[in-house]
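Q: Sequence first, then the predicted structure, then my questions.
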Amino acid sequence: MNEVQFEFIPKPSGRRLAISDIHGCYKTFSALLNQLALSKDDQLFILGDAINRGPGSSQVLDQIMQLKQEGYAVYLIRGNHEQLILNAQKKSAERLKRTTKMSNSEGLVKDDKLFKKYRKLLKHSYHYLVLDEYYLVHAGFDFSKELPFENVEAMMHIKQFKAKKKFLDGKKVVVGHSPKKLGTILKRIKKGKRKLFIDNGCVNEQTEGQGNLLCLNLDTLTISIQPNLEA
């Protein structure tokens, strides 16, 4: 689907919290949620790649759906891994089976079909979200093009981009997708950069400076850190 799915989200009475690239790390995600003590006055933004690689993709999506059903304000942005699964299920049963096996996310499928509840959740995910002071997106925007907010491929896949002031209307861009060392993430936040990273490579626990699931409080620009618990 090429139609851009986005929304402006007004500021809540509670906190605005952003997490990215959970990658099926359900135990780690649950521990981070416990650490955050989420309130129904808060907004929780998940910046894509909630699934694949880690052992608990279906549990992560179940947790997201449960929170939404209980009345929590949870917003899922689509990453390249969500799109990978959607593309595979659209292609053929064999492609879906092969893709989920390769991605360690076979729990998303039964009888060679993506569970309806997961398909619905992923299909209704956003390509990006607009807040008063932020653009939230999985990978970024291709600001070298005239219509960066219509290029969904870049939003899910772009590796590098310059956060050009003329497009941002004073906002910052918060992205996941490309894992960064914790020190790099914290340094950019402290310096007030226009482009902020929040993917610390939760599944990359063997990589120096990575291996944590992070949550950025968009109001205070503080980071909550949860080390990977899957191993």
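A: Right, received. Where do you want to start? Numbers count the residues shown, from 1 in each chain.

Q: In stretch 50-60, which residues are buried?
A: Burial within stretch 50-60, assessed by neighbour count using 16 or more other C-beta atoms under 10 Å, is assigned to 50, 51, 52, 53, 54, 55, 56, 57, 58, 59, 60. (C-beta placed from N, C-alpha, C; glycine too.)

Q: right, I mislabeled it, should have said stretch 167-176
A: 168, 171, 172, 173, 174, 175, 176.

Q: hang on, the earlier thing: turn the buried residues of stretch 50-60 into CSV, including secondary structure.
A: Shown next, in CSV, are the buried residues of stretch 50-60 (DSSP: H, G, I helix; E, B strand; the rest coil):
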residue, secondary structure
50, coil
51, coil
52, coil
53, coil
54, coil
55, coil
56, coil
57, helix
58, helix
59, helix
60, helix
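
Q: In CSV, list the residues you listed along with pLDDT.
A: Formatted as CSV, the buried residues of stretch 50-60 follow (pLDDT from 0 to 100):
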residue, pLDDT
50, 98
51, 98
52, 98
53, 97
54, 97
55, 97
56, 98
57, 98
58, 98
59, 98
60, 98
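
Q: quick one on the thing from earlier: in helices, which of the buried residues of stretch 167-176 fall?
A: Here DSSP state H is the test, and the buried residues of stretch 167-176 give residue 168 as lying in helices.

Q: Residue 174 against residue 19, yeah?
A: No - counting by C-beta atoms under 8 Å, residue 174 does not reach residue 19; the two are 10.6 Å apart.

Q: Show me the common contact partners of the two, please.
A: When contacts are counted by C-beta atoms under 8 Å, 6 or more residues apart in numbering, residue 174 and residue 19 have 47, 198, 216 as shared neighbours.

Q: need the strands for the protein, in chain order.
A: In the chain, the segments counted as strands under DSSP state E are 6-8, 16-19, 43-46, 73-76, 109-110, 113-114, 128-130, 134-137, 172-175, 195-197, 212-217, 222-227.

Q: Indicate which one of these is closest to residue 84.
A: Each of those has some distance to residue 84 by C-beta to C-beta; the shortest is strand 113-114, at 11.7 Å.

Q: now that closest one: how far from the chain's centre is it?
A: Strand 113-114 sits 22 Å away from the centroid of its parent chain (C-alpha atoms, centre = their mean, to the nearest Å).
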